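Student: Just a sequence and a predicted model for now, questions to come.
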Amino acid sequence: MPELPEVEVTRLSFASRISGARVLAMHMGKPLRWPLGVAPSVVVGQTVLQVRRRGKYLLLDMERGVLLLHLGMSGSLNFATSQAPAGKHDHMDLITTQGVLRLHDPRRFGAVVWSESQDHEPALKLLGRLGMEPLTDGFELSAFQQGLKKRQAPIKQVLLAGDVVVGVGNIYASEALFMSGIRPTVKAQKLSGPRVTKLHTAIKEVLARAVAQGGSSLKDFVSAEGQTGYFQLEASVYGRAGLPCRVCHTPIKQIVQGQRSTFFCPLCQKH
DNA sequence: CCATATACCTGGCAGC
DNA sequence: TGCTGCCAGGTATATG
């Protein structure tokens, strides 16, 4: 569920609502990917200053540290208005003066980590090797090109790795490569300048469009299930194995790269 | 440094 | 209906 667009839409959906809130209590459920790092009581009493996003991580800046959240594969955040009973898969409740921020994550690949904001904190180390933010000016074509030039791995896997550019998950990697007419198996370093330019544009476009779409359903995003965004978007290739390409009607192919599914049109993405 | 495999965990679904 | 096997939006870590 959560690639960059959904994480960003999630952020937008609760950032203003929780900013300025003071933490009254914090409850953790079953273990997530990493331990919180401190007793939940450490977070109690702190005020949420702002909510930022870095890649697919959400960062709740507080007075004395940062609460880092990751949604993993199956996580979502929602606001429980009162003390509605936590369900089987609710693994964090942040009870604040402005509502209860609740993490729902069946597979528990997500994470909630507290970090006292200085350098060598393990939580912030997670952010250390992340690549460029695709929806900011920092995502410069020349830097993108330079990043790809070093890589011999297939372009799809380089996009997913997140150390050149962040936020492109398994769905949007396939979609962006389709948009730019690039075969996912091509070695990153073999892409010509013009093709890198196309890909650079496609990544920005596909992610920005998805954020906009998610944003349009923002009203019921939280109260509903937190999943409306993706289903509004029509995938060009993802999940469409065997179905006709929307452009040329050639059957879409599905392959496996790095144990993940990749989808592409063999005609529109010739090499 | 780089590329690839592995591990984490649960639910949904196709097929029998 | 129930079982089994496979698949799923991520990514740190180990291994070669």
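Tutor: Yes, it's here.
Student: wait, is A:Ser261 part of a strand?
Tutor: Yes: assessed by DSSP: H, G, I helix; E, B strand; the rest coil, A:Ser261 belongs to a strand.
Student: Identify the bridge partners of the residue nearest to it when sequence neighbours are not counted.
Tutor: Nearest residue to A:Ser261 in three dimensions, chain neighbours excluded: A:Gln254, at 5.8 Å (Cβ to Cβ, 6 or more residues apart in numbering). Where you see a C-beta, it was placed from the backbone N, CA and C, and this is true even at glycine. Beta bridges link A:Gln254 to A:Phe263, judged by DSSP bridges.
Student: how's chain A carved up into domains?
Tutor: Split into domains by automatic domain parsing, chain A comes to A:4-127, A:141-264.
Student: I'd like the average pLDDT over the last one.
Tutor: Yep, that's domain A:141-264 we're talking about. In this model, domain A:141-264 carries a mean pLDDT of 89.
Student: So which bits of the stretch 51-200 of chain A are right by DNA strand C?
Tutor: For the stretch 51-200 of chain A, the residues in contact with DNA strand C (Cβ under 7 Å from any atom of the strand) are A:55-57, A:70, A:72-74, A:107, A:109, A:126, A:129, A:160, A:162, A:169-171.
Student: Among those residues, which ones are in helices?
Tutor: Members of these lying in helices (criterion: DSSP state H): A:Leu160, A:Asn170, A:Ile171.
Student: would you turn these into a markdown table with neighbour count and distance to A:Ser192?
Tutor: Shown next, in a markdown table, are those (neighbours: other Cβ atoms under 10 Å; distance: Cβ to Cβ, whole Å):
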| residue | neighbour count | distance to A:Ser192 |
| --- | --- | --- |
| A:Leu160 | 18 | 22 |
| A:Asn170 | 19 | 25 |
| A:Ile171 | 22 | 25 |
